[in-house]
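K.L.:
Build me a model:
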Amino acid sequence: MAKSTMDQDLLRVLYSEEQIRTRVQELGDELFEAFRDKNPLFVGVLKGCFLFMADLVRACQIKSEVEFIAVSSYGNGYESSGNVQITRDLQYDITGRDLIVVEDILDSGNTLYFLAQYFKTKGARSVTIVTLLDKPERREKPIKADYIGFTAPNEFVVGYGLDFKQQYRNVPYIGVMKPEIYENDD
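P.N.:
Residues are numbered from 1 along each chain as shown. Purely as a prediction, here's the structure:
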């Protein structure tokens, strides 16, 4: 197995590979029960969702379809600008569909609040939000996830799809980044 040089940039492991695997299976089981008689459309919010969504869809084991949307509110920084822009729109007609929106982290709420409203105006029958991490103390918009993997502390985290400047997504666990890495970055 390859050794990671990214570990040196992290203070500690917040959620291990095993904790993530177990919780994703639990979420998949819950979604199976809630959507077993429906044909939901999983909508992944790129890029952070890709690992979580792949594992979640496999864990859920219901007939479903998969779609992606890409939005930007962070740029290359670590603080949200609050200005959400769609950079890759849906390719499916979602009129009358039950959507399961999969996001890596619910932080300020700007992105998911925007997307929930957007999907409703495009005719979605229902919008269910699943997030791997929830940081409720950072919320700026009135939105909550329907399914939460873990409630995270107000620290900068990376791994399992979460990034800093598009890196660290491939760390197989979620770790807290050393502040000197992101605070002193130009």
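K.L.:
In contact with Gln19: list those residues for me.
P.N.:
Applying Cβ atoms under 8 Å, 6 or more residues apart in numbering, one finds that Gln19 lies in contact with Phe150. All C-beta atoms are positioned from the backbone trio N, CA, C, and that covers glycine.
K.L.:
Helix or strand for it, just tell me which one.
P.N.:
In this structure, Gln19 is located in helix 17-35 according to DSSP states H and E.
K.L.:
Any buried residues in that helix, and which?
P.N.:
For helix 17-35, the buried set under the neighbour-count rule, 16 or more other Cβ atoms under 10 Å, comprises Ile20, Arg23, Val24, Leu27, Gly28, Leu31, Ala34, Phe35.
K.L.:
which residues in the protein form strands?
P.N.:
Under the criterion DSSP state E, the chain carries strands at the ranges 10-15, 41-46, 65-72, 85-88, 98-106, 126-134, 147-151, 157-158, 174-177.
K.L.:
Output these in TSV, with distance to Phe119 and mean neighbour count appended to each entry.
P.N.:
Supplementary listing: the strands of the chain in TSV, determined by distance: least, Cβ to Cβ, whole Å; neighbours: other Cβ atoms under 10 Å:
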stretch	distance to Phe119	mean neighbour count
strand 10-15	28	16
strand 41-46	8	22
strand 65-72	9	16
strand 85-88	11	11
strand 98-106	6	25
strand 126-134	5	23
strand 147-151	16	18
strand 157-158	26	26
strand 174-177	27	23
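K.L.:
Just put these in CSV and tack on mean pLDDT.
P.N.:
Putting these into CSV (pLDDT from 0 to 100) gives the following:
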stretch, mean pLDDT
strand 10-15, 96
strand 41-46, 97
strand 65-72, 94
strand 85-88, 93
strand 98-106, 97
strand 126-134, 98
strand 147-151, 98
strand 157-158, 96
strand 174-177, 96
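K.L.:
Closest one to Gly175 out of the buried residues of helix 17-35, please.
P.N.:
Gly175 has its nearest neighbour among the buried residues of helix 17-35 in Ile20, at 11.6 Å by Cβ to Cβ.
K.L.:
lowest average confidence, helix or strand, in this structure?
P.N.:
helix 179-183 (a mean of 88; mean pLDDT, DSSP states H and E).
K.L.:
Show me what counts as buried in it.
P.N.:
Ile181, Tyr182.
K.L.:
Tell me the helices and strands packed up against it.
P.N.:
If you count contacts as 3 or more Cβ pairs under 8 Å, 6 or more residues apart in numbering; DSSP states H and E, helix 179-183 packs onto no helix or strand.
K.L.:
Tabulate the CA atom coordinates of it in CSV.
P.N.:
This file holds the C-alpha atoms of helix 179-183, laid out as CSV (Å, rounded to 0.1, in the frame of the first residue of the first chain):
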residue,chain,number,x,y,z
PRO,A,179,-4.0,25.9,10.2
GLU,A,180,-0.5,26.9,9.0
ILE,A,181,-1.2,25.1,5.7
TYR,A,182,-4.3,27.0,4.8
GLU,A,183,-3.9,30.3,6.6
